[in-house]
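Asks: need a 3D model of the following:
(chains A and B)
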Number of protein chains: 2
Amino acid sequence: MAKLTSRSEDYSKWYNELVVKADLAENSGVRGSMVIKPYGYAIWEKMQAELDKKFKETGHENAYFPLFIPKSYFSKEASHVDGFAKECAVVTHYRLKNAEDGSGIVVDEDAKLEEELIVRPTSETIIWDTYRKWIQSYRDLPILVNQWANVVRWEMRTRLFLRTAEFLWQEGHTAHATQEEAVAEAEQMLKVYAEFAENFMAMPVIRGVKTESERFAGALNTYCIEALMQDGKALQAGTSHFLGQNFAKAFDVKFATKEGKQEYVWATSWGVSTRLMGALVMTHSDDNGLVLPPNLAPYQVVIVPIYKGEEQLQQIDEVAFKIKKSLEAKGITVKYDNRDTQKPGWKFAEYEMKGVPVRIAIGPKDLEKGTVEVARRDTMEKEFLQQADIDNKVAHILEHMQKNLYNKALDFRTENTQKVDSYEEFKDVLNNKGGFVLAHWDGTAETEERIKEETKATIRCIALDTKPEEGKCIYSGKPSKQRVYFAKAY
Amino acid sequence: MAKLTSRSEDYSKWYNELVVKADLAENSGVRGSMVIKPYGYAIWEKMQAELDKKFKETGHENAYFPLFIPKSYFSKEASHVDGFAKECAVVTHYRLKNAEDGSGIVVDEDAKLEEELIVRPTSETIIWDTYRKWIQSYRDLPILVNQWANVVRWEMRTRLFLRTAEFLWQEGHTAHATQEEAVAEAEQMLKVYAEFAENFMAMPVIRGVKTESERFAGALNTYCIEALMQDGKALQAGTSHFLGQNFAKAFDVKFATKEGKQEYVWATSWGVSTRLMGALVMTHSDDNGLVLPPNLAPYQVVIVPIYKGEEQLQQIDEVAFKIKKSLEAKGITVKYDNRDTQKPGWKFAEYEMKGVPVRIAIGPKDLEKGTVEVARRDTMEKEFLQQADIDNKVAHILEHMQKNLYNKALDFRTENTQKVDSYEEFKDVLNNKGGFVLAHWDGTAETEERIKEETKATIRCIALDTKPEEGKCIYSGKPSKQRVYFAKAY
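Replies: Numbering: from 1, shown residues only, chains lettered A, B, ... in the order given. Reported below is the predicted structural model:
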């Protein structure tokens, strides 16, 4: 297997190569659409399972809404149409036919739709059109619904997982009787996302709110989690929106209060997508390939036999299956790769590339000594361990690795988060170091836009735990009451 | 809650009303596309979880392939294009814009795709285009991949779950080195489907193969499971196809054998869809609403308190939570509905309509006597049981109910499967009784087509367990070696 381009050489190339070589995903014959390969999909399934569990624990149910949305639905919420109904896939016909000249199949012009259908870029409109039928009284509230679905946004420049025309995600859409309840829901879901990112993906995140110009189209407030990638660029990892009564008004969704008054319903929506796969790669991986936190590894341990001849393999098999069984009894997932079609060296490289957390190699000498060789993927350390009690030892390594990866990423972020107090310093840090830059901002969209134009850095968020601090905007010199997080971003 | 139309009065109307009133699904504002409501989706999730487990136990992995398929891909497999590339959703443009006359948003004619994209009706073409890149040598085989996805087939007449433009399904696509292995895979997956239908859905099925004219477009052999609905019509509940080398040839997918020869790869595909939800409804439900086998119930037990005043409710709460806990410890899922916004009678009707297997009611007299009232949904029987040991008693009821529903459906099918030996008798049974008709057929597509035209009955399958039997075709009088299953079908 050819080596990866190193990160220092070309980070972007390293990423693209890794995603393909680690069998996560690849480009398809359809422009901008990817194929998520089984190994990559198994990681996504682990993300889904954990998130789905957390959604259900917080009272949500899943449902499914149509892929297609009539064009007119988008026009109903003014800011939403500008944000989403532009670059999208438009279905105009519903039939193909054989060309009359025998040249193949062509669109049947007789089967033109009266109204074009948009392949959903997000589902607020179709869902609020449905909620109108579900909501009459306060008894029908709250509605706490989530959908796992594919969505399409017609991107011109695409990159595997980070930006694809079609991607997979979940979108929560909730309806509430009061503003307070809706805001609390949006904040709760941000917390769910942040805890998932940190505890499960071992990826530290900044919890914050977006500035007005970076808000979701149709939202009154957008909460977000922002992560820092190894190349010093930020990545928005999840968002949760307080939508006010905008969609209720656009789709005429009212409810009768206990007192019999008619009021518009309050809304939230929140989502994370297969983009998290890109974040995962760029948080932990190294020049040897993918590095996976044990919580997300399709198999946490791989066992590779090193042998000559059938007899030796049989002896090793015996030990390997015993170890596999003892690990599985501890809830650890194990693959024993005793295929005779590939050599041990090939297997080592393969599982290193795929980021399997722990590799156990068993050779003839190990049989004599009662040992195995244990290699951990995060530190690349190897050691010989006695077979006795191997289940507890590996469990301990995995637990430690999950924490180690988080701490490593947190240290990296700490090292790459800098307070600056002048625009010169700001540009210097951005150009020479990257990372998060904490700086004072005067709160205007004009300043935000100018800084973006001049430096390509955007305000990633106003952190929720920011302490008030008097200061002057690095750009305009006007007074500011708090620092905000700037960064160049994916 | 208004009563359902009875089955004897209008079966089709009963079905449509039930699906909506039991909160399974409803029509959306998009023609032919349904909304699957949370309660319906929870049942689908249970189906998914069980099937996914079975797929993984038999060595399959999940992956994800693009929603869009370039038009030209369909033309590559001759019979496939006729079967699938006709009634479908066609994406022709990728941008909308504000109309120049200010009338709203319109399709941007400058953003016309060079090649139209078809929203997948099934994924053989895009997947085999991908497999070409994955398969070089015998070492890369078999590929055992499944995909959970939405697909679109532009149906003119739609019915919730049974026939919708968009539906959810899984499609397995496997690649093999030999014909024998591919055939064994197709047969294995039919077995998986049949066991799922019978053990999990409590729905007996006939395992068989389709006649040539009923085969999947592109298949050499289509295996199927066929179920009998309460109105005497058959429903195809799942199919598994042996595709031969058709798709490998169409997409040029070859592999190097151990001996170094280049050979085309052998293929299967297999799928079940949200149609199973319709089959579930029409197998077990009654004039009072949905009836669910306990294995598929989102909650298997509902507890309803019957009380006057806050104090009584508190006393009942105490008993109810204790019972809930003891049932949950046995792995039984329980909902305790102590909402004060609805009356007990309303709740009884609601959970009857939703098919909750067991209802436990607790009133003030039960507190005195240490009893609860237990009602089971399948037989509508009610009895008072002592609270002591209630967990074991309910577990026993649920186990019994799962079997009872299967046996009831099996008895119904047995009563409604008839051997006939003349065309007169055949027509008589079809018109007056319905059900499966076992009759001799001469094996020709012509006879099959004539019978279909004259009676609307199709050959559902040639059962795998059919015993050879000399006879004469009921239509042509020509010799026949076995009986086949005829029925009118969904």
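Asks: let's verify A:V151: helix, strand, or coil?
Replies: strand (DSSP: H, G, I helix; E, B strand; the rest coil).
Asks: wait, it touches A:E124, no?
Replies: No: using CB atoms under 8 Å, A:V151 is not in contact with A:E124, being 11.6 Å away. C-beta coordinates here come from the backbone N, C-alpha and C atoms, glycine included.
Asks: any stretches of chain A with poor pLDDT?
Replies: In the predicted model of chain A, residues A:1, A:78, A:85 satisfy pLDDT under 70.
Asks: chain neighbours aside, what residue packs nearest to the residue of the stretch 351-490 of chain A at minimum distance from chain B?
Replies: Of all residues in the stretch 351-490 of chain A, the one sitting closest to chain B is A:K354 (13.5 Å; CB to the nearest CB). Of all residues beyond its chain neighbours, the one nearest A:K354 is A:A22 (5.2 Å), with distances taken as CB to CB, 6 or more residues apart in numbering or on different chains.
Asks: what sits against the one you found?
Replies: Counting by CB atoms under 8 Å, 6 or more residues apart in numbering or on different chains, A:A22 makes contact with A:39-40, A:289-290, A:353-355.
Asks: again, 10 Å this time
Replies: By CB atoms under 10 Å, 6 or more residues apart in numbering or on different chains, the contact list for A:A22 reads A:4, A:37, A:39-40, A:43, A:281, A:285, A:289-292, A:350, A:352-355.
Asks: repeat for A:E470
Replies: Shown in contact with A:E470 (CB under 10 Å, 6+ apart): A:440, A:479-482.
Asks: and of the residues you listed, the nearest to A:D337?
Replies: The closest of the contacts of A:E470 to A:D337 turns out to be A:Q482 (CB to CB; 53.4 Å).
Asks: contacts only, for that closest one.
Replies: A:438, A:440-441, A:443, A:462-463, A:466-471 are the contacts of A:Q482 under CB under 10 Å, 6+ apart.
Asks: center of chain A, which residue is that?
Replies: A:L276 (1.6 Å; CA atoms, centre = their mean).
Asks: so it belongs to a strand, correct?
Replies: No: applying three-state DSSP, one finds A:L276 to be helix, outside a strand.
Asks: for A:A149, see how far away A:V253 is.
Replies: Distance, A:V253 to A:A149, by CB to CB, to the nearest Å: 21 Å.
Asks: my bad, A:R120
Replies: Distance from A:R120 to A:A149, counting by CB to CB: 7 Å.
Asks: so which bits of the stretch 201-350 of chain A are right by chain B?
Replies: Proximity of the stretch 201-350 of chain A to chain B (CB under 10 Å from any CB of the partner chain) is limited to residues A:258, A:274, A:298, A:339, A:341-342.
Asks: restricted to buried residues, select those residues in ChimeraX.
Replies: One line in ChimeraX is enough to select the buried ones among these; burial here means 16 or more other CB atoms under 10 Å in any protein chain shown:
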select /A:274,298
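Asks: nearest to chain B, of the residues of the stretch 201-350 of chain A next to chain B?
Replies: Nearest member of these to chain B, counting by CB to the nearest CB, is A:T341, at 4.8 Å.
Asks: quick one: what helix or strand has the closest one in it?
Replies: Taking DSSP states H and E as the definition, A:T341 sits outside all helices and strands.
Asks: what's the nearest residue to it once chain neighbours are set aside in contact with, if anything?
Replies: The shortest distance from A:T341 to any non-neighbouring residue, by CB to CB, 6+ apart, is to B:R139 (4.8 Å). Going by CB under 10 Å, 6+ apart, B:R139 touches A:339, A:341-342, B:255-256, B:258.
Asks: my read is B:R139 is in a strand, agree?
Replies: No: applying three-state DSSP, one finds B:R139 to be helix, outside a strand.
Asks: if I look at it, how far off is A:A2?
Replies: For B:R139, the distance to A:A2 - CB to CB - is 18 Å.
Asks: again, but for A:K249
Replies: A:K249 is 57 Å from A:A2, by CB to CB.
Asks: picking that back up, from the residues of the stretch 201-350 of chain A next to chain B, which is closest to A:R377?
Replies: A:P298 (13.3 Å).
Asks: mind checking the SS state of the closest one?
Replies: coil.
Asks: if I read this right, it contacts A:M47, doesn't it?
Replies: No: counting by CB atoms under 10 Å, A:M47 is not a contact partner of A:P298; they are 11.6 Å apart.
Asks: that's a strand at A:I462, yeah?
Replies: Yes: note on A:I462: a strand contains this position according to three-state DSSP.
Asks: quick revisit: distance of the residue of the stretch 351-490 of chain A closest to chain B from B:W44?
Replies: For A:K354, the distance to B:W44 - CB to CB - is 32 Å.
Asks: next: A:D366.
Replies: Computed with CB to CB, the distance linking A:D366 and B:W44 is 48 Å.
Asks: more neighbours, those two?
Replies: The residue with more neighbours, out of A:D366 and B:W44, is B:W44; 23 against 20, by other CB atoms under 10 Å in any protein chain shown.
Asks: what is the nearest of the contacts of A:E470 to A:C224?
Replies: A:Q482 (16.5 Å).
Asks: please report phi then psi for that closest one.
Replies: Phi and psi for A:Q482, reported as degrees, to the nearest 10, are phi -160, psi 160.
Asks: over to A:V145?
Replies: Dihedral angles (degrees, to the nearest 10) for A:V145: phi -120, psi 140.
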